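>>> turn this into a model:
(2 chains)
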Amino acid sequence: MAVLSKEQKERYRRQIAIVGEDGQERIGRTRLLIDGAGGLGSMAALFAAMAGFGTIRIIDPDCIEETNLNRQWLFREADIGRPKANTTAKVLHSMNSSIDVEPVTAAIGTTPARDLIRGIDLVIDGLDNYPARFLLDDAMWKCGVPFIHGAVGGFYGQVCTILPKTSPCLRCIIPNPPPFREIPLIGVTTGLIGCVQVTEAIKLATGTGLPIIDHLWLWDGIRQKSDQLKIERIPTCPVCGKDEYQIPTGVRVR
Amino acid sequence: MKVHVKAFATFREVMDSQFDMEFPEGASIYTLLAELTGRYTGLGDLMFAAPGTPRDFVNILKNGRNVHFLAGLDTPLDDGDVIALFPPVAGG
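The predicted structure follows:
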């Protein structure tokens, strides 16, 4: 078991007061995947790096565009045209040089999910469409890896944590994807939802508190109000209703 | 019988966030949607692709279970049900 160095104890002193040295060591041992370096992913990556997650794999197939700059805080005007994953990795390294950051310029769907999640303990959803989320939801369930779903639209957002074999999966809640369209987005909402997702990651890594597993947490920025919507696992769900999955070769199961 | 209705996200721009409704025995999700679209102008376009055909991405949960996996619009209402309506937000 890794032991915190003197420097780590000082760096994380204020959060060790919350999660303890054991909790901080657990964060340091956790290999986190953030799928998408957009509005959710960039905020999640920021706080995950600051919290000291030992490995952060950041996946995104795209290059930075001007229209990203209202919400994807990691990027600057000079970064336009550069790959999002590599640019994110450079920023995270500059913030916390003691963690490993693995940029992957790829997309779930064109690259098998089981390859992208190999060796990963925990996944944060930074995707921008449901077909890709469903692929990830299915892979996470089959591999037994927790998946922290988040999504945003305008001033609205939602989060839930999917614990395979325990909670409802994403398809139980949302069986059909909405049609693809350019979604109105504002940085304050993506930032807030990304923060809630990392809160879930810290809780899961350290065993602190209760994850959002039996309800969908919904944020309404227009009314500055949050709600908890009860959700239940569906026995006939095409993803989690079947109890016949096989562990893919080479995928670590926890 | 009485059911409690909750609306989320952009549905709140055309209808109230939550309220109770009374229905006779035998009412279904379809009965509820017909009542709501009559009550709230604008909800019909958000909810239905064509008369009687709801948009498949609109989520209707009865006590935490999506009616897609139950009997769809024919899912019966029961006294004390909590019915949640929300379009999924999709961005990231």
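>>> residue contacts, residue B:66?
Listed by Cβ atoms under 8 Å, 6 or more residues apart in numbering or on different chains, the contact set of residue B:66 reads A:172, A:173, A:174, A:175, A:234, B:59, B:60. Every residue, glycine included, has its C-beta placed from N, CA and C.
>>> burial count for the second one?
This means residue A:173. 27 (other Cβ atoms under 10 Å in any protein chain shown).
>>> just list the residues touching it, thanks.
A:160, A:216, A:231, B:59, B:61, B:66.
>>> what strand or helix carries the first one?
In this assignment (DSSP states H and E), residue A:160 forms part of strand A:156-162.
>>> mind listing what's buried along that strand?
The neighbour-count check on strand A:156-162 (16 or more other Cβ atoms under 10 Å in any protein chain shown) flags A:156, A:157, A:158, A:159, A:160, A:161, A:162 as buried.
>>> residue contacts, the fourth one?
Residue A:159 is in contact with A:148, A:149, A:150, A:193, A:196, A:197, A:200, A:212, A:216, A:217, A:219, counting by Cβ under 8 Å, 6+ apart.
>>> just the closest of the contacts of residue B:66 to residue A:76, please.
Among the contacts of residue B:66, residue A:174 lies closest to residue A:76 (Cβ to Cβ), at 34.5 Å.
>>> pLDDT-wise, which helix or strand of the chain ranks last?
Chain wasn't specified; assuming chain A. helix A:113-116 (a mean of 88; mean pLDDT, DSSP states H and E).
>>> wrong one, I was asking about chain B
One helix or strand of chain B scores below all others by mean pLDDT, DSSP H and E: strand B:53-54, with a mean of 85.
>>> hmm, stretch A:87-95 touching chain B?
No - Stretch A:87-95 stays clear of chain B (Cβ under 8 Å from any Cβ of the partner chain), getting no nearer than 14.0 Å.
>>> send me that stretch as PDB with only the CA atoms.
Only the C-alpha atoms of stretch A:87-95 are listed here, as PDB (Å, rounded to 0.1, in the frame of the first residue of the first chain):
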ATOM      1  CA  THR A  87      -4.000  19.900 -24.400                       C
ATOM      2  CA  THR A  88      -5.900  18.800 -21.300                       C
ATOM      3  CA  ALA A  89      -3.000  16.600 -20.300                       C
ATOM      4  CA  LYS A  90      -0.600  19.400 -20.400                       C
ATOM      5  CA  VAL A  91      -2.700  21.700 -18.300                       C
ATOM      6  CA  LEU A  92      -3.300  18.900 -15.700                       C
ATOM      7  CA  HIS A  93       0.400  18.100 -15.500                       C
ATOM      8  CA  SER A  94       1.100  21.800 -14.900                       C
ATOM      9  CA  MET A  95      -1.300  21.800 -12.000                       C
END
